[in-house]
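Asker: next comes the sequence, and after it the predicted model I'd like to discuss.
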Amino acid sequence: MASVAFTLIEAILGAFLVKLGLTAQSQSPLRPAYLALHLTNTLLLLAALTLTAHLLGRSKGYLRSAIRLVAPFGAVATVVVVMIVGVTGSLAALGDTLFPATSLGSALAQDFSATSGWLVRWRWTHPTVAFCASIFLIWLLVRAAQRSSAWDNRRLSALVLLLLATVYTLGILDVLLLAPLWLQVAHLLAADTLWAALVVLTARLTVQPVEMV
């Protein structure tokens, strides 16, 4: 039901983006807000689809009355912070698209110039929030490592760590190479893959079966 709902919302938001002309080189003040809202819904849709596939693929299922939530606030905080990383990343990419730089030096000058648009001057928020998010991710990975009996969780944790390193590497290259389109797409693909793996790992660590006495 969540997947269907988020799909319908995705279609509506996408239609509004096109109908309002918030595409291509549009510099409308509405575009960043709609883009952030659209990407947030996209991540929620991807999370819903990922969890649906994961739960249907498990060999054993549990009723709601037979599960308990372990450290749910920390898990929710991790997911929310990573979502914020995605939203700030989309705004940074929009700034790169609308106001391309000719060199790394000019890009840095744009970031600190009072005459630059706010999208350009706020590009620093993406790497800053990404660094903060890594703290939450480390907390989640430590939790997974402490569950020594769950080999699948440790293997998934290793995948999350590998994807995290890939995303950071592509992000650095994105800055150094002045955000070419193909690299932005690769960066987004790696980030979406990391998001899907993170959602599954969080669900495994948070939703636990009730131990029968």
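Answerer: Looks like it came in fine.

Asker: which stretches of this structure have low pLDDT?
Answerer: Counting by pLDDT under 70, the low-confidence segments of the chain come to 147-152, 211-213.

Asker: which SSE is residue 159 in?
Answerer: helix 151-176 (DSSP states H and E).

Asker: go through that helix and flag the buried ones.
Answerer: By neighbour count with 16 or more other C-beta atoms under 10 Å, helix 151-176 contains the buried residues 153-154, 156-157, 159-161, 163-164, 166-168, 170-171, 174-175. Just so you know, the C-beta spots here come from the backbone N, C-alpha and C atoms, and that holds for glycine as well.

Asker: ok, and what's touching stretch 126-141?
Answerer: 74-75, 77-78, 81-82, 84-85, 88-89, 91-92, 157, 160-161, 164, 168, 171, 198, 201-202, 205 (C-beta atoms under 8 Å, 6 or more residues apart in numbering).

Asker: looking at those residues, which are in helices?
Answerer: Judged by DSSP state H, the contacts of stretch 126-141 include 74-75, 77-78, 81-82, 84-85, 88-89, 91-92, 157, 160-161, 164, 168, 171, 198, 201-202, 205 as members of helices.

Asker: only the buried subset of the residues you listed, as a ChimeraX command please.
Answerer: Isolation of the buried members of the ones in helices among the contacts of stretch 126-141 (16+ other C-beta under 10 Å) is achieved in ChimeraX through the command below:
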select :74,75,78,81,82,84,85,88,89,91,92,157,160,161,164,168,171,198,201,202,205
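
Asker: what about residue 94, distance to residue 33?
Answerer: 11 Å (C-beta to C-beta, to the nearest Å).

Asker: okay, those two: which has more neighbours?
Answerer: More crowded of residue 94 and residue 33, by other C-beta atoms under 10 Å: residue 94, with 19 against 12.

Asker: run the chain-centre distance for the helix or strand that one falls within.
Answerer: Element membership of residue 94 [criterion: DSSP H and E] is helix 72-98. Distance, stretch centre to chain centre, for helix 72-98: 5 Å (C-alpha atoms, centre = their mean, to the nearest Å).

Asker: I'd like the next helix or strand past it.
Answerer: helix 104-111.

Asker: coming back round to it: the helix holding residue 94 packs against which elements?
Answerer: helix 30-57, helix 118-121, helix 125-146, helix 181-206 (3 or more C-beta pairs under 8 Å, 6 or more residues apart in numbering; DSSP states H and E).

Asker: who wins for proximity to residue 1 among those helices?
Answerer: When these are compared by C-beta to C-beta, helix 30-57 sits nearest residue 1, at 8.9 Å.

Asker: now do that closest one and helix 72-98, the angle between them.
Answerer: Orientation check (axes from the mean of the first three to the mean of the last three C-alpha atoms, to 10 degrees): helix 30-57 against helix 72-98 gives 130 degrees.

Asker: partners of the very next helix or strand once past helix 30-57 in the sheet?
Answerer: Next helix or strand after helix 30-57 toward the C-terminus (DSSP H and E): strand 67-69. Here strand 67-69 is paired, per DSSP bridges, with strand 207-209 (antiparallel).
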